[in-house]
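>>> Requesting a structural model of the entry that follows:
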Amino acid sequence: MEVIVSEHAPAAIGPYSQGIVTGNLLFTSGQLPIDPHSGETPQGIIAQAEQSCINVGNLLDEAGSSYDRVVKTTCYLVDMNDFPQFNEVYARYFTGNPARSCVAVKELPTGALCEIECVAERDA
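Numbering: from 1, shown residues only. Coordinates of the predicted model:
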């Protein structure tokens, strides 16, 4: 098992890793839309979805994977009315159409509007 740490994704805000690799699979923790350099969360679902996707991509890169190797995502939205806008952004990154679950949650850490986690293949 290998712990993935990237300075280009937000640091864990609790007792967990940004990602874990076991065998040829990467499991990312949920990526909030926090800019890892400024610590700020952008305003609005479009900007937040974009930042969450970028954060996932940076973990994929750190682990030697990529968006096209993602096999499953789980997406969390605070408001399902944001679903169409979230999908527009998400579709630009996850072009391989991995399996996905998208659920509404009451709230997310730091007041975020969305969060994305994934499972991806990588070279062992």
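>>> Mean pLDDT per helix and strand in the chain: which one sits at the bottom?
strand 2-4 (a mean of 93; mean pLDDT, DSSP states H and E).
>>> Just list what that strand packs against, helices and strands only.
Contacts defined by 3 or more C-beta pairs under 8 Å, 6 or more residues apart in numbering; DSSP states H and E place strand 2-4 against strand 19-22. C-beta here means a position set from N, CA and C on the backbone, and glycine is covered the same way.
>>> List the buried residues of whichever helix or strand comes after the strand it packs on.
Next in sequence after strand 19-22, counting helices and strands by DSSP states H and E, comes strand 25-28. By neighbour count with 16 or more other C-beta atoms under 10 Å, strand 25-28 contains the buried residues 25, 26, 27, 28.
>>> just how off-centre is the lengthiest helix in the chain within its chain?
Determined from DSSP state H, the single longest helix within the chain is helix 45-62. Averaging C-alpha positions (C-alpha atoms, centre = their mean, to the nearest Å) puts helix 45-62 6 Å from its chain's average.
>>> for this protein, what spans make up the strands?
Using DSSP state E, the strands assigned to the chain run over residues 2-4, 19-22, 25-28, 70-77, 99-104, 114-121.
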